[in-house]
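Q: Sequence and predicted structure are below.
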Amino acid sequence: MNKIIKRTGIALGATLLLLLVAAAVIAAFFQDAVGRKLIFELNKQLTTEIHVTGFNLSLLRDFPDATVSLNGVTVTGTNGEPLLKAAVMSFNFRLFSLFERSVKVHAMAIRDGALTVQIDRAGKANYAILKNRKTQEDASFNIILTEARLENMELSYRNEKLRQGAQTHVGEAIFSGEFSNAQFDLQSSAQLTSRYVDLGGMRYFTEKNWGYDAHIFVDMPHGTYDLQKVNLTVDGNAFNLQGSVKKQGNAQVLDLKATTAGANIESVIALLPQQYLYAFGDFSSKGRFRFLTTITGRLSATESPAIDMEFGLENGRLESPRLKAPFKDVSFTATFTNQAENATGNTVFEISNFKGYLNGELMTLRLRVENLNDPYVDFMADGVMPVGYVAGFFENPAISGGKGKVEFKDIKISGLYRDMASMDNINSVVMHGDLEFDDAALFINDEELRVERGQFHFDDNMASLQDFRLTGAGSEIGLNGQVQNLLPVLLSDAAQSGEAKLAFQAELVSPKMDLRRLIGLTDIPAEKGAVGTEVSDSLKVAKNTLQERIASQLEGVFQVRVDAFEYDKIEGRDFSGMLIFENQEMRILGDTKGMSGSFDLDGALFFENQSRLEAKLSCQNIDVKEFFRETNNLGQDFIRQEQLGGTMNAKMLIHTFWDSTGTFLTDKMHVWAEVGIEKGELKDFKILEEFSGYANVSDLRQVRFANMQNWIEVKNNTVYLPAMFLQNNAMNLTVSGEQTFDDKINYNIKVNAAQVLANKFKKHNANLKPIKAQNDGFFNLYFNINGTLDDYHYGTNRKLVKEKFAQSELQKRQIRGTLIQAFGGASLNLLPKQADNRQDAGEPTTQDEDVEYIEGF
């Protein structure tokens, strides 16, 4: 028995080995001939050509069938561009048909490639590459398919004539049937991912996973497809499709019906165009949901079938991640119809009798849209919206929640959508009703911004802002005014935003205002910035772009009165002025009190891709010590508030810039200033104490100046100080220099040496009265101080100092000319009892060659 088993095993093994050897021999013998013959026969049936990089024959992989695989396949379309590209195209046939006159192919598979279908404006298709059967010769390969398979393929469709397009990824698709018969049953299933579907200028089905399992009876002679059973799934929602499609001339006659069981509102929302998915794409429902759609009529280049759709919810829930809690007890009926078989005309979409409760508050609405090609909109809303439950819809990372209520009181809007978005035709739109705010608040960047009360009253294109009281972020603001063109602004897109203008006249009154905290409401939260520099910058750019867009749409005036305001340590009171918005610019005009003096401001903020500010600031009787205290010593520690005294008058022209992320560009800041100081005082200034060899140390530790005036320029991250004469109690100096924002210094000083020597033998000037002005004497000393504030050096350098004084004289004239042009007037005197811009310069009393005149002193 064992011998029989052993012999049988040996025989089977030998037979198997023989078969393997035979298969290898046959494959080697036939492979080249079969591959070339197949390509030849395919090309005979095509008006274009198929190209391959190689082929192979397998007799065992699909035994008892043989498989010819073409590798690196390219099929050219009628337009000369690739119609099909695939890594592998394989054909299955009976193994023993290799020895017959004709090889019969019954299965085909295409893997790892792309199929691109295009129809041009003339209706010519790139896939019309098959020859007429009458022109085909007898073939040694008969392709009589019963199965076709696609794996890992990208399908692209573009019809320029009908303005249609689609792109779909095919994971796997199987088609089976007796395709060579005039009538056959088609069985097909597929797993697909839709990239997009473009129809009539709208994009649908973006990144949707879908699939189907279909049984269709095909009648080729009559061009009829009978959908006996089609189960369609879209993102897990199942639809049943029944009916028929029949070819009739250049049209397809449709008679289809779609139903669903166990689905929810997501299944309908998935069918909406992409632009609507942004608003509704995350909604889902629970409860009794119904859906029915019928499509009947002709579909052609000039005809559309009649579509009737109805869906709704009864006593269900609407949920969204952006809602704090679901809408409860929701009921509504929605219908869509194009009203006529073979319709190309009017369409109607309607949501009737919507009602639902959010946090126990009832909201009702109705919407009817007629003719989607030129929509007429009729909308009504009435009810209460709890702010905290819908705060997520702002989609702003700075907004963490809210509270309070906004009441919609009989809001009605009706008219053509194009009129609603048009500045020219907005007056033909009807809009009535009120929005009332009741302690409605948003939590923004850890601040609560609350509308304690207020009302928007709509009267067609005019909206009245009545008794608005806004509190939060350390501020109290009252608003009243009128607004026009609200709908065109709200409905304008980014490309057209500059065309719609929100015209307004309003009054802003504030008992107190914290500017830093208000500006902080627009910041990107720090934890959001932790996502990385690139993402953080993109958020900042988006914020800047939004500000630019909003500014481009504002056109009007705010009359502003603020009793008290602050920004960090800066405090002001009694601001009175205007904010004027026009041409993407905010003009600021006003005056205020602060720092024991007063300020006049005339500025313009330009909202652009890289925003900029141009401002003129006049300061009168400003306490220097207070100025340095409130400005944090201008961001430096070289000279602090404790060391200063005096009263300042100034005129400044300021140009500042920001980049597209809203970052302040210090290197582009440019400031021209004229500064006058009365009864100036400087205590414990380290650099002056270096001159203790030339003056009494006690005098140098508390220097009191006579009235002084000079011009200053800030540019390229550097403060430039032209030459000026300092008359003080210690010693009189002429000084010029520059100091960078990173504390590098280069100062030039001229000292009247004769006067210094005379004063050296005097006692300490206890009353701190300035020494008689004389900036030149029998001889002068010239010093240059350079380095950093922490490590500086000084030495004598007569030639360098005189050159710097001469250069600064030219710079001073340029600064003065710029300020005269900006502020007007030939004289910019800032000090009292001064006939011109010249202080006592101490005219030279000798013929010393070092003597020079410094204009302005």
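A: Everything's here; your move.
Q: wait, doesn't Thr47 sit right on Lys131?
A: Yes - here Thr47 reaches Lys131: they are 6.0 Å apart, a contact under Cβ atoms under 8 Å. Every residue, glycine included, has its C-beta placed from N, CA and C.
Q: mind listing what's buried in the helix or strand harbouring Ala87?
A: Using DSSP states H and E, Ala87 sits within strand 82-94. For strand 82-94, the neighbour count (16 or more other Cβ atoms under 10 Å) marks 82-93 as buried.
Q: Of those, which pair is most distant in space?
A: Using Cβ to Cβ, the pair of the buried residues of strand 82-94 lying farthest apart is Pro82 and Phe93, separated by 26.5 Å.
Q: chain center to stretch 461-470, what's the gap?
A: 29 Å (Cα atoms, centre = their mean, to the nearest Å).
Q: Just the residues contacting that stretch, thanks.
A: Identification of contacts with stretch 461-470 by Cβ atoms under 8 Å, 6 or more residues apart in numbering yields 426-427, 429, 431, 437, 449-457, 476-487, 506.
Q: Buried ones in that stretch, by neighbour count?
A: Buried-residue list, stretch 461-470, by 16+ other Cβ under 10 Å: 461, 463, 465-466, 468, 470.
Q: cool, and stretch 402-416?
A: Using 16+ other Cβ under 10 Å as the test for burial, stretch 402-416 gives 402-409, 411, 413, 415-416.
Q: Can you lay out the residues you listed as JSON lines showing pLDDT?
A: Output for the buried residues of stretch 402-416, formatted as JSON lines (pLDDT from 0 to 100):
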{"residue": "Gly402", "pLDDT": "92"}
{"residue": "Lys403", "pLDDT": "93"}
{"residue": "Gly404", "pLDDT": "93"}
{"residue": "Lys405", "pLDDT": "94"}
{"residue": "Val406", "pLDDT": "95"}
{"residue": "Glu407", "pLDDT": "96"}
{"residue": "Phe408", "pLDDT": "96"}
{"residue": "Lys409", "pLDDT": "96"}
{"residue": "Ile411", "pLDDT": "96"}
{"residue": "Ile413", "pLDDT": "96"}
{"residue": "Gly415", "pLDDT": "95"}
{"residue": "Leu416", "pLDDT": "94"}
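Q: for those residues, which one is nearest Phe725?
A: Gly402 (61.6 Å).
Q: thinking the closest one is in contact with Ile444, fair?
A: No - counting by Cβ under 8 Å, Gly402 does not reach Ile444; the two are 9.2 Å apart.
Q: helices or strands up against the strand holding Ala87?
A: Using 3 or more Cβ pairs under 8 Å, 6 or more residues apart in numbering; DSSP states H and E as the contact test, the elements touching strand 82-94 are strand 65-76, strand 103-119.
Q: which of the ones you listed sits most buried?
A: strand 65-76 (a mean of 20; mean count of other Cβ atoms under 10 Å).
Q: Can you dump the C-alpha atoms of it in PDB for me?
A: Extracted in PDB, the C-alpha atoms of strand 65-76 (Å, rounded to 0.1, in the frame of the first residue of the first chain):
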ATOM      1  CA  ASP A  65      -6.800  30.500 -18.500                       C
ATOM      2  CA  ALA A  66      -3.700  32.100 -19.900                       C
ATOM      3  CA  THR A  67      -2.900  35.800 -19.400                       C
ATOM      4  CA  VAL A  68      -1.200  38.300 -21.600                       C
ATOM      5  CA  SER A  69       0.000  41.400 -19.700                       C
ATOM      6  CA  LEU A  70       1.000  44.600 -21.500                       C
ATOM      7  CA  ASN A  71       3.200  46.800 -19.500                       C
ATOM      8  CA  GLY A  72       3.600  50.600 -19.700                       C
ATOM      9  CA  VAL A  73       0.500  51.000 -21.800                       C
ATOM     10  CA  THR A  74      -0.300  54.300 -23.500                       C
ATOM     11  CA  VAL A  75      -3.400  54.700 -25.800                       C
ATOM     12  CA  THR A  76      -3.600  58.000 -27.700                       C
END
